[in-house]
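Trainee: Pasting a predicted model and its sequence here:
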Amino acid sequence: MRSPLVRVLIGVDVGPLPAGGVPAAPLFRAGELPGLDVLGQALHEVELGSSQGEDFQGTLTYLCCVEDTRQRWDPKTPWVLPTSFVQEALLVISALGLAASYLLTWDLWQPRVGPPNLPAVGALQSIGFGVPLLLAALSAPLFPRLAATLHAGLLILAVLGDQVRIQPEFASLAILLFAAAWPSTGLRVARWHLTTLWAWAGMHKLLSGGWPSGGASFIATSLGAPGLRPLIAVAVPLLELGLAFLALTPKTWKALRWTAPVFHFGVLLPLALTGWNTAVWPWNLCLAASAPLLFSDAFKHPAGDRRPVSQRALPVAIAAFLALYPLGFYFGAMDAYLAHNLYSSNTAEASICSSTPRNGSCRTTSFSTWEDLNVPLPPEKRLFTEWFERICQPDEVLRIDGRWTRLSERSVTLVPCKQSRFTE
């Protein structure tokens with residue numbers, strides 16, 4: 001008979017066990033094991049070994065006696081939250097946030113004539129996605145992996161059927177929902193999502209040529225204090241970068257657990273005072289509620305990550321992708337909203353000009369979706385152009401002012417109507 005050997009995910013070998021199956025002394029201090037997912041993996045290996053003819057009698061006795069404090073809440077350490085609680089809470093928060101956002105933008109998810117659907121795949125534009133998306137999101141707390149996967153697939157199809165649906169709140173909440181369905185890796189991914197969202201939201205504002213006179217001015221005016229515009233223009237991006245900095249090390253998570261909710265409630269304040277952009281209100285509430293959970297002390301790891309390289313590679317690769325892909329916005333390779341441009345006033349703008357664009361009048365209201373869909377039109381050249389080609393009249397010209405950053409001059413693109421007699 002071979003002595004049992006159980007290998008757990010953090011890369012420490014347990015065993016062989018003494019006679020009777022109970023260890024003479026604990027091999028781990030309380031809190032060193034990652035949680036139920038680790039014990040489940042160990043049990044799986046026990047079952048695998050048993051199926052291969054190995055005798056694992058006594059191993060289950062050992063496993064039941066291993067203490068993992070992160071599976072029990074202790075009022076003495078209130079922020080050492082059980083992993084299972086964080087998962088279930090994040091599923092409920094994300095599901096409710098998505099459901100509320102879908103209801104607030106219901107017409108966006110239906111086929112329509114105006115404002116026009118702007119599909120990437122024409123066959124999908126006539127499908128109504130509102131009901132399936134709502135049901136998939138609300139089912140996630142009951143059937144996490146099935147519902148989260150179904151929701152992600154439906155959301156991708158919905159976006160392909162109408163690119164106006166490329167809105168940051170839906171992408172972000174879908175990531176949190178999907179991450180909660182696979183907590184062992186997903187919760188780390190969710191933390192990186194929030195970290196990179198804060199970092200890039202702040203960085204885009206600092207690099208924006210329009211933020212001081214655009215987003216910062218709106219916040220100051222909505223608060224009834226236009227004189228605070230210069231302070232807000234500096235303070236908001238620094239606060240966002242500060243949240244990202246606090247998220248980088250567990251030593252500062254205690255501060256992050258209260259600063260992140262305060263910040264997101266602060267984001268809601270000017271929106272609530274003006275009654276504007278209600279579609280993102282549930283998102284900010286969800287971020288305020290999720291941050292303390294995701295940055296719980298239970299996720300502080302002991303020095304030196306001893307997990308096998310194969311188990312570290314996926315979250316590291318995802319974290320690197322989340323950190324770097326928003327940079328593509330500055331090269332025209334990533335949509336503004338997916339790159340975390342939030343109230344940055346640095347994105348492309350479009351207007352329709354009559355006669356010649358230098359001498360004629362121009363109007364921007366033609367591309368407004370606020371009144372009908374409760375969301376803005378994603379500020380992308382391809383969407384402005386497609387919409388313009390559907391509605392343009394002879395001798396009208398589309399003027400697109402490109403990204404407005406401190407890194408380069410703002411470009412101007414003129415697109416004549418295909419029926420137009422005017423070209424430049």
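Mentor: Structure's in. What do you need? Numbers count the residues shown, from 1 in each chain.

Trainee: Now do C362, the pLDDT please.
Mentor: If you check C362, the pLDDT there is 81.

Trainee: Equivalent analysis for A171, please.
Mentor: For A171, the model assigns a pLDDT of 98.

Trainee: From what I see, it and L338 are in contact.
Mentor: Yes: using Cβ atoms under 8 Å, A171 is in contact with L338, at 6.2 Å. C-beta here means a position set from N, CA and C on the backbone, and glycine is covered the same way.

Trainee: and R112, that one's in a helix?
Mentor: No: going by DSSP: H, G, I helix; E, B strand; the rest coil, the assignment for R112 is coil, not a helix.

Trainee: For C417, give its distance to A323.
Mentor: Distance, C417 to A323, by Cβ to Cβ, to the nearest Å: 42 Å.

Trainee: Of these two, which one has the most company?
Mentor: C417 (19 against 15; other Cβ atoms under 10 Å).

Trainee: how many neighbours does the closest residue to the more buried one other than its chain neighbours have?
Mentor: Nearest non-adjacent residue to C417, counting by Cβ to Cβ, 6 or more residues apart in numbering: C392, 3.6 Å away. By other Cβ under 10 Å, the residues close to C392 number 19.

Trainee: all helices for the stretch 301-424 of the chain, in order.
Mentor: 309-324, 370-373, 381-391 (DSSP state H, counting those that start in this stretch).

Trainee: any idea which of those helices is most buried?
Mentor: The highest mean neighbour count among the helices of the stretch 301-424 of the chain, using mean count of other Cβ atoms under 10 Å, belongs to helix 381-391: a mean of 17.

Trainee: what does that one rub up against?
Mentor: Helix 381-391 has contacts (Cβ atoms under 8 Å, 6 or more residues apart in numbering) with 115-116, 118, 163-164, 348, 350, 352, 366-367, 377, 396, 398, 400, 402, 413, 415, 417-418.

Trainee: how about the strand or helix carrying L103: buried residues?
Mentor: Assigning secondary structure by DSSP states H and E places L103 in helix 83-104. Of all the residues in helix 83-104, those buried under the rule 16 or more other Cβ atoms under 10 Å are 83, 85-91, 93-102, 104.

Trainee: so what does it touch, helix or strand wise?
Mentor: Counting contacts by 3 or more Cβ pairs under 8 Å, 6 or more residues apart in numbering; DSSP states H and E, helix 83-104 is packed against helix 36-51, helix 130-139, helix 144-161, helix 168-181, helix 183-207, helix 281-294.

Trainee: looking at these, which is buried most?
Mentor: Stretch with highest mean neighbour count among the helices and strands packed on helix 83-104: helix 168-181 (a mean of 24; mean count of other Cβ under 10 Å).

Trainee: what's it packed up against?
Mentor: helix 83-104, helix 144-161, helix 183-207, helix 281-294.

Trainee: export the ones you listed to a markdown table and tack on mean pLDDT?
Mentor: Formatted as a markdown table, the helices and strands packed on helix 168-181 follow (pLDDT from 0 to 100):
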| stretch | mean pLDDT |
| --- | --- |
| helix 83-104 | 95 |
| helix 144-161 | 98 |
| helix 183-207 | 96 |
| helix 281-294 | 97 |
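
Trainee: what residues are up against R363?
Mentor: By Cβ under 8 Å, 6+ apart, the contact set of R363 is S351, I352.

Trainee: State the distance from it to F263.
Mentor: 36 Å.

Trainee: Looking at the record's assignment, how would you partition this structure?
Mentor: Here the domain parsing of the chain from automatic domain parsing is 6-71, 187-300+308-339, 349-416.

Trainee: what's the closest of those domains to L108?
Mentor: L108 lies closest to domain 349-416 among those, at 4.6 Å (Cβ to Cβ).

Trainee: starting at the chain centroid, how far to that closest one?
Mentor: Centroid displacement of domain 349-416 relative to its chain, using Cα atoms, centre = their mean, to the nearest Å, is 28 Å.

Trainee: and what of stretch 207-218?
Mentor: On the basis of Cα atoms, centre = their mean, stretch 207-218 sits 23 Å off its chain's mean C-alpha point.

Trainee: buried stuff in that stretch?
Mentor: Using 16+ other Cβ under 10 Å as the test for burial, stretch 207-218 gives L207, S208, G209, G210, W211, P212, G214, G215, A216, S217, F218.

Trainee: before we move on, back to that, which members of the contacts of helix 381-391 are positioned in strands?
Mentor: A350, I352, E396, L398, I400, T413, V415 (DSSP state E).

Trainee: Which two of those have the greatest separation?
Mentor: E396 and T413, at 14.8 Å, using Cβ to Cβ across the ones in strands among the contacts of helix 381-391.

Trainee: Comparing these two, which shows the higher neighbour count?
Mentor: Each of E396 and T413 had its neighbours counted (other Cβ under 10 Å), and the higher figure belongs to E396 (23 against 14).

Trainee: tell me the contacts of the residue nearest to that one when sequence neighbours are not counted?
Mentor: Nearest residue to E396 in three dimensions, chain neighbours excluded: C417, at 5.0 Å (Cβ to Cβ, 6+ apart). Listed by Cβ under 8 Å, 6+ apart, the contact partners of C417 are F388, E389, C392, Q393, P394, D395, E396, V397, L398.

Trainee: before we move on, the earlier item: out of the buried residues of stretch 207-218, the closest to T196 would be?
Mentor: Using Cβ to Cβ, L207 is the member of the buried residues of stretch 207-218 that lies nearest T196, at 15.6 Å.

Trainee: my read: the closest one touches L407, true?
Mentor: Yes: taking Cβ under 8 Å as the definition, L207 is a contact partner of L407 at 6.3 Å.

Trainee: Need the pLDDT of H264.
Mentor: pLDDT, H264: 98.

Trainee: Name the SS class of it, please.
Mentor: Per three-state DSSP, H264 ends up helix.

Trainee: Equivalent analysis for the one 4 residues further on, please.
Mentor: Assigned by three-state DSSP, the conformation of L268 is helix.
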